[in-house]
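Visitor: Could you look at this predicted model? Sequence included:
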Amino acid sequence: MAVPAAASVRDANRYRPPQVTGLVDLLDRQVRERPYARALVVTGERVQLSYRALSTLAGDVAARLAGAGLRRGDAVGLICANTAEFVVGLLGAARAGLVAAPLDPALPSRQLRAKLVALGAGAVLLGPSVSDSTTLPVPAWPLRVDVSRAGTATVVLEARGCDVPQGVGAAGELSDRDALVLFTAGTTGRAKMVPLTHANVAASLRNICATYELGPDDATVAVMPFFHGHGLFAALLSSLASGGCVLLPERGRFSAGTFWDDMRSVGATWFTAVPAIHEILLERSERSEREYPGPQAPPLRFVRSCSAPLNTATQRALERTFGAPLLTAYGMTESSHQATSEPLPQRGALRQGSVGRPTGVEVRVVDRDGRACPAGAEGEVCVQGPTVARGYLADGEASARTFVDGWLRTGDLGVLDEDGYLSLTGRIKNLINRGGEKISPEHVEDILAGCPGVSDAAVFAVPDVVYGQRVGAAVVVREADGVGREEILRYCRDRLAAYEVPDRLELVTALPYTAKGGLDRKAVRARYAP
């Protein structure tokens, strides 16, 4: 019997997620009950910062920001790598009643300036890696955290008085109920500003912690950047909310060469990353036994993958190599990151090829008319719940299209099965229309990635006077395997419909990715489609 393709999951086991209300009280329970437990491991010397020390640093930053002329609900930029300065700046801004907007420190100054102007930020906090602040349109205050080897730490922040103009940019739509403004990746269009309240943040952290049963015995290494939801919510904030520990790699950036040493040094029990990073770690472990320390590695409870599709062949190889279940999750900036995830093995079945079940939200799949599809039917994925943002800042038209009757229309295509597991099949905007046949690039990419010798693939539309569009593909092959175009196409013909097989196939050395870790489809089209 067919059932509507909608599902929700309530955590019914004995685990109790942390009862935080947002960023302001994120550390409170740990400071009361476990003040000297490690919260962060920082710097190249891997110095431990306790929850009490981290809370004190955040309080110092809050006091200095409060005396700088900023009002509650004002927006402040935060340009910083994954360092102690980011964590202290974020939590300090929240305690001062400010709304933090994390930005990628690798962005060109022109883009940073444009984002700060669009937001209407009153000031910006700069981490140590940001050297040039002369072109920024608002007061720029360098933030530095000095940490001794003994674990004592002090804050250096000269937040001078500033006069924040009212009604400039999107900040006028914010209040002190808001915690964050995150910018979407913008790989298929202009980046949008997503306001997330403290209530959104708290709901997201409760859902993530409940899904993976995170607690004080857990530790992880920060792989993903904190200026996007994946690294911010799944790795940093959920760990701190649950009393765990996060190691911040030296210079605040992921390094495959030091990753397993970092994992071992912190006694990591899990980590989360995008498929591109999982592929790097897998390839290096296959190339050299020293890259993965085997029995010397910390025993992992699970490994998590999110933010881009992970093909099933890679998933199986990762589980064999790391000796732990790989749990695939799905989410968006607009849903405060996670919306679905595969459960821990003791809590439910793992279904490779799916992104799991809803985690604290309701998910449904709808047809073009907005009606719920039966189980097994493809449609647009929609999400509703306490983690969903209220809309976009300064973009009423996009908000009206995306946030409809309390539902977030994700723009993703998917299928819900009768047990509530979601499988993603593509993205509506990415579909290739070849003479009326609709082709999902993600599906073709998944097939290409399963071809022996292929390490990465991107599929895109090629303009055609007869069919309107044809299928193009750029494929990265492992040099040692020596696979060629004809072998790849033969592999595709055995597994794809004739109209899905790439008409053009280019062998390339690398594909462009965003800082979030997703395939940069705009760059792919610009580079490979005429």
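Guide: Noted; the coordinates are in hand. The shown structure was predicted, so the numbers you read here are calculated from the model rather than taken from an experiment.

Visitor: From now on I want contacts and neighbour counts done on CA atoms only, so please keep to that.
Guide: Fine.

Visitor: Tell me which stretches of this protein form helices.
Guide: 28-33, 51-66, 84-95, 109-119, 198-212, 229, 238-241, 259-266, 275-287, 312-322, 396-402, 441-449, 485-493, 521-528 (DSSP state H).

Visitor: With mean neighbour count, distance to Arg427 and mean pLDDT added, can I get these in a markdown table?
Guide: Converted to a markdown table, these look like this (neighbours: other Cα atoms under 10 Å; distance: least, Cα to Cα, whole Å; pLDDT from 0 to 100):
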| stretch | mean neighbour count | distance to Arg427 | mean pLDDT |
| --- | --- | --- | --- |
| helix 28-33 | 16 | 40 | 98 |
| helix 51-66 | 22 | 40 | 96 |
| helix 84-95 | 26 | 32 | 98 |
| helix 109-119 | 17 | 26 | 91 |
| helix 198-212 | 24 | 24 | 98 |
| helix 229 | 26 | 19 | 96 |
| helix 238-241 | 27 | 28 | 98 |
| helix 259-266 | 20 | 32 | 94 |
| helix 275-287 | 17 | 17 | 86 |
| helix 312-322 | 16 | 19 | 88 |
| helix 396-402 | 13 | 14 | 96 |
| helix 441-449 | 22 | 8 | 91 |
| helix 485-493 | 16 | 21 | 95 |
| helix 521-528 | 16 | 12 | 90 |
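
Visitor: Next, format those helices as JSON lines and append distance to Val20.
Guide: Formatted as JSON lines, the helices of the chain follow (distance: least, Cα to Cα, whole Å):
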{"stretch": "helix 28-33", "distance to Val20": "9"}
{"stretch": "helix 51-66", "distance to Val20": "15"}
{"stretch": "helix 84-95", "distance to Val20": "13"}
{"stretch": "helix 109-119", "distance to Val20": "27"}
{"stretch": "helix 198-212", "distance to Val20": "6"}
{"stretch": "helix 229", "distance to Val20": "18"}
{"stretch": "helix 238-241", "distance to Val20": "7"}
{"stretch": "helix 259-266", "distance to Val20": "25"}
{"stretch": "helix 275-287", "distance to Val20": "30"}
{"stretch": "helix 312-322", "distance to Val20": "32"}
{"stretch": "helix 396-402", "distance to Val20": "28"}
{"stretch": "helix 441-449", "distance to Val20": "37"}
{"stretch": "helix 485-493", "distance to Val20": "49"}
{"stretch": "helix 521-528", "distance to Val20": "37"}
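
Visitor: which stretch among the ones you listed comes nearest Pro298?
Guide: Counting by Cα to Cα, Pro298 lies closest to helix 259-266 out of these; the figure is 5.6 Å.

Visitor: and the closest one, what other elements does it pack with?
Guide: strand 219-221, strand 245-247 (3 or more Cα pairs under 8 Å, 6 or more residues apart in numbering; DSSP states H and E).

Visitor: quick check: angle from it to helix 275-287?
Guide: Following axes from the mean of the first three to the mean of the last three Cα atoms, to 10 degrees, one obtains 90 degrees for the angle between helix 259-266 and helix 275-287.

Visitor: List the contacts of helix 259-266.
Guide: 41, 219-221, 245, 247, 249, 291-293, 296-298 (Cα atoms under 8 Å, 6 or more residues apart in numbering).

Visitor: repeat for stretch 391-407
Guide: By Cα under 8 Å, 6+ apart, the list of residues contacting stretch 391-407 reads 169-170, 173, 192-195, 334, 382-384, 390, 408-410.

Visitor: Name the nearest residue to the spatially most central residue of the chain, sequence neighbours excluded.
Guide: The geometric centre of the chain, computed from its C-alpha atoms, lies nearest to His230 (Cα atoms, centre = their mean), at 2.2 Å. Spatial nearest neighbour of His230, excluding adjacent residues (Cα to Cα, 6 or more residues apart in numbering): His337 at 6.2 Å.

Visitor: ok, now which ones touch the most far-flung residue of the chain relative to its centre?
Guide: Most distant from the centre of the chain: Val466, at 39.5 Å, with distances by Cα atoms, centre = their mean. Residues near Val466 by Cα under 8 Å, 6+ apart: Gly435.

Visitor: From the recorded domain assignment, give the ranges for the chain.
Guide: The chain breaks down into these domains under automatic domain parsing: 44-176, 431-528.

Visitor: Need the phi and psi values for Pro105.
Guide: When read as degrees, to the nearest 10, the backbone of Pro105 gives phi -70, psi -10.

Visitor: Quick check: the residue nearest to Trp141 when sequence neighbours are not counted vs Gly172, distance?
Guide: Spatial nearest neighbour of Trp141, chain neighbours left out: Leu125 (5.0 Å); criterion: Cα to Cα, 6+ apart. The gap separating Leu125 from Gly172 is 20 Å, by Cα to Cα, to the nearest Å.

Visitor: When those two are compared, which one has more neighbours?
Guide: The neighbour comparison of Leu125 against Gly172 (other Cα atoms under 10 Å) goes to Leu125, with 27 against 18.

Visitor: list the contacts for the more buried one?
Guide: Leu125 neighbours (Cα under 8 Å, 6+ apart): Val76, Gly77, Leu78, Ile79, Cys80, Gly89, Ala140, Trp141, Pro142, Leu143.

Visitor: one more time with 6 Å
Guide: If you count contacts by Cα atoms under 6 Å, 6 or more residues apart in numbering, Leu125 has them with Leu78, Trp141, Pro142.

Visitor: So which of those residues is surrounded by the most neighbours?
Guide: Leu78 (26 neighbours).

Visitor: That one reaches Pro102, doesn't it?
Guide: Yes. Checked against Cα atoms under 6 Å, the pair Leu78 and Pro102 is within contact range at 4.6 Å.

Visitor: For Glu500, find the nearest of the helices and strands packed on helix 259-266.
Guide: Going by Cα to Cα, the one of the helices and strands packed on helix 259-266 nearest Glu500 is strand 219-221, 39.5 Å.

Visitor: what bits of the protein have low per-residue confidence?
Guide: In the predicted model, the chain carries pLDDT under 70 at residues 1-13, 131-134, 161-167, 186-189, 288-290, 293.

Visitor: ok, now how distant is the residue nearest to Trp141 from Gly22?
Guide: With Cα to Cα as the criterion, Leu125 and Gly22 are 21 Å apart.

Visitor: show me where the stretch 101-250 of the chain has strands.
Guide: For the stretch 101-250 of the chain, strands defined by DSSP state E, counting those that start in this stretch occupy the ranges 123-126, 140-147, 153-157, 178-183, 193-197, 219-221, 245-247.

Visitor: Rebuild those as TSV, extending it with distance to Arg29.
Guide: Shown next, in TSV, are those (distance: least, Cα to Cα, whole Å):
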stretch	distance to Arg29
strand 123-126	27
strand 140-147	23
strand 153-157	21
strand 178-183	19
strand 193-197	21
strand 219-221	18
strand 245-247	15
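
Visitor: and these, which is most packed in?
Guide: strand 245-247 (a mean of 29; mean count of other Cα atoms under 10 Å).

Visitor: can you list contacts of that strand?
Guide: Ala39, Leu40, Val41, Ala219, Thr220, Val221.

Visitor: same question, stretch 347-358
Guide: Under Cα under 6 Å, 6+ apart, the answer for stretch 347-358 is 8-9, 312, 328-330, 339-342, 420-423.

Visitor: can you pull up the bridge partners for the residue nearest to Gly229 when sequence neighbours are not counted?
Guide: Nearest non-adjacent residue to Gly229, counting by Cα to Cα, 6+ apart: His337, 5.3 Å away. Beta-bridge pairing of His337 under DSSP bridges involves Met332.

Visitor: wait, isn't His337 in contact with Ser307?
Guide: No. Contact criterion Cα under 6 Å: His337 and Ser307 do not qualify, at 9.0 Å.

Visitor: coming back round to it: could the helices and strands packed on helix 259-266 go into CSV alongside distance to Glu487?
Guide: Shown next, in CSV, are those (distance: least, Cα to Cα, whole Å):
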stretch, distance to Glu487
strand 219-221, 39
strand 245-247, 43
